[in-house]
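In: give me a 3D structure for the following:
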Amino acid sequence: MTTNITDAAIFGQHDEQTLAQLRDVASRAERVALMADGHVGFVMPIGGVAAYRNQVSVIGVGFDIGCGNAAIRTDRRAADFTRAEWSAVADDIAGTVSFGIGRRNLADDAPVDHPLFASPAWSAIPADAREDLRRKAREQLGTVGSGNHYVDVFTDESGAVWVGVHFGSRGLGHTIASGFLALAAGKPWGTRVPERETLLDLDSPMGRDYWNLMQLAGEYAYAGREWVTRKVVSILGGRELELVHNHHNFAWKEVHDGEELIIVRKGATPAFPGQKGFVGGSMGDDSVILEGVTENTEAQRAALYSTVHGAGRVMSRTEARGKRKGWGAKARIVSPGKVSWEMLDGWLARKGVIRRGGGLDESPHVYRRLPAVLAAQGNTVRVLHTLSPIIVVMAGEDESDPYKD
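Out: Got it, this is the predicted structure:
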């Protein structure tokens with residue numbers, strides 16, 4: 001069911017602050033839409049979609065350029081493993097794949113010689129910052145980060161085992177976004193400026209440079225996600241049968257109603273008729289493989305052929321875990337949050353989920369329920385597979401990572 005606010009297709013129910021952000025975006029865009037998992041973001045709401053004529057929104061694409069989901073269906077069966085064996089697999093994933101900032105765990109074969117590192121797009125980065133950023137990008141390729149980024153193992157309704165991941169372009173994307181926000185404000189690259197709407201004309205030198213570097217960050221994110229997902233498939237002793245892979249923080253050139261537009265999706269997954277996507281629920285809920293319905297419905301067109309990227313937060317991180325001062329072992333709780341470890345562990349125990357890492361701010365209690373979110377999307381997508389979590393691996397609660405959101 002959709003409701004029009006300033007010609008915006010809005011799926012589901014949202015608070016006034018989220019709707020106010022969408023109205024603000026709509027005042028500059030040709031068309032906008034809001035997915036059912038929407039919530040407040042920087043300037044543009046998470047779950048928001050905006051169409052522009054030959055312009056791209058730097059803050060709309062966001063800091064984690066190319067953040068997205070990848071899932072692989074394997075030839076392994078859930079029944080192949082005992083509970084003890086699944087626990088050992090969880091330990092292997094946590095010990096092999098790196099979370100947080102740097103690549104420091106066992107796996108040392110990330111594709112650091114990928115052709116993207118020789119792309120001419122790098123020339124758009126100021127010379128005094130270029131090689132340092134390229135080095136940092138190599139060091140972080142294949143790192144998952146923290147926050148809501150994860151590596152999960154699932155089983156579907158047939159008993160097949162899937163591996164799913166969620167993360168983006170890490171420090172590379174963050175540096176590119178920050179750099180162009182600074183340049184557009186008339187400041188030097190590397191200067192921290194407020195998060196404000198920045199629309200770049202793609203016919204301008206700055207707009208072309210941003211677009212090329214956005215594409216580079218997207219290629220980097222794809223390379224990292226596919227490497228991590230395939231690494232976990234190898235840990236399982238499995239073989240890849242199917243890959244489903246999408247960005248949800250990105251901009252695309254697309255034709256809508258006969259006109260080429262720049263479509264910015266911030267926490268929204270592209271879902272053209274027949275296009276598949278992997279959408280996560282939470283660490284203790286089912287996820288799905290879905291596709292855009294093939295009927296090409298009015299609702300799909302209104303959604304700008306987009307759908308949700310997750311279940312959507314209903315509680316801030318501070319609200320969930322409480323207010324703290326300090327970090328790590330020296331942290332102290334100033335005021336308690338709404339979620340306790342007993343609540344989180346109890347939920348996962350009932351679901352039979354094996355957890356490594358994660359924190360109270362990523363508990364299932366802080367998210368909507370994915371079936372209700374998908375139902376609110378109406379006749380736009382259909383679920384192909386329901387994925388029940390077996391293993392959830394995330395960064396630890398005290399893992400420092402400035403690129404997690």
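In: show me what contacts the residue nearest to residue 160 when sequence neighbours are not counted?
Out: Nearest non-adjacent residue to residue 160, counting by C-beta to C-beta, 6 or more residues apart in numbering: residue 73, 5.8 Å away. Yep, even glycine has a C-beta here, placed from its N, CA and C like the rest. Neighbouring residues of residue 73 by C-beta atoms under 8 Å, 6 or more residues apart in numbering: 156, 160-162, 240-242, 385.
In: so in the chain, which strand runs the longest?
Out: Longest among the strand segments of the chain by residue count, using DSSP state E, is strand 381-396.
In: partners of that one in the sheet?
Out: If you go by DSSP bridges, strand 381-396 pairs up with strand 150-155 (antiparallel), strand 287-292 (antiparallel), strand 354-358 (parallel).
In: got those strands as TSV, with mean pLDDT and mean neighbour count columns?
Out: TSV is the format used below for these (pLDDT from 0 to 100; neighbours: other C-beta atoms under 10 Å):
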stretch	mean pLDDT	mean neighbour count
strand 150-155	97	25
strand 287-292	98	23
strand 354-358	95	19
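In: one step back: element containing the residue nearest to residue 160?
Out: Following DSSP states H and E, one finds residue 73 within strand 68-77.
In: buried ones in that strand?
Out: Within strand 68-77, the residues scored as buried using 16 or more other C-beta atoms under 10 Å are 68-74, 76.
In: and it with strand 287-292, angle?
Out: Here strand 68-77 points in a direction 110 degrees away from that of strand 287-292 (axes from the mean of the first three to the mean of the last three C-alpha atoms, to 10 degrees).
In: end to end on stretch 368-385, go ahead and measure it.
Out: 19 Å (C-alpha to C-alpha, to the nearest Å).
In: mind listing what's buried in that stretch?
Out: Buried residues in stretch 368-385 (16+ other C-beta under 10 Å): 368-370, 373-374, 376-378, 380-381, 385.
In: which of the residues you listed fall in helices?
Out: 370, 373-374, 376 (DSSP state H).
In: where's residue 16 relative to residue 22, distance?
Out: Distance of residue 16 to residue 22, computed by C-beta to C-beta, to the nearest Å: 11 Å.
In: where do the strands of the stretch 251-400 of the chain begin and end?
Out: 259-266, 268-270, 276-279, 287-292, 306-308, 322-325, 332-336, 354-358, 381-396 (DSSP state E, counting those that start in this stretch).
In: show me the longest helix that occurs in this structure.
Out: Criterion DSSP H: the longest helix present in the chain is helix 205-235.
In: stretch 209-219: which residues count as buried?
Out: Buried-residue list, stretch 209-219, by 16+ other C-beta under 10 Å: 209-211, 213-219.
In: can you show me the helices along this protein?
Out: Taking DSSP H to define them, one finds helices in the chain at 16-26, 58-61, 83-96, 127-140, 170-184, 205-235, 298-302, 317-321, 341-351, 370-376.
In: which other helices and strands does the first one contact?
Out: Okay, so that is helix 16-26. strand 2-5, strand 8-11, strand 31-39, strand 46-52 (3 or more C-beta pairs under 8 Å, 6 or more residues apart in numbering; DSSP states H and E).
In: understood, closing this out.
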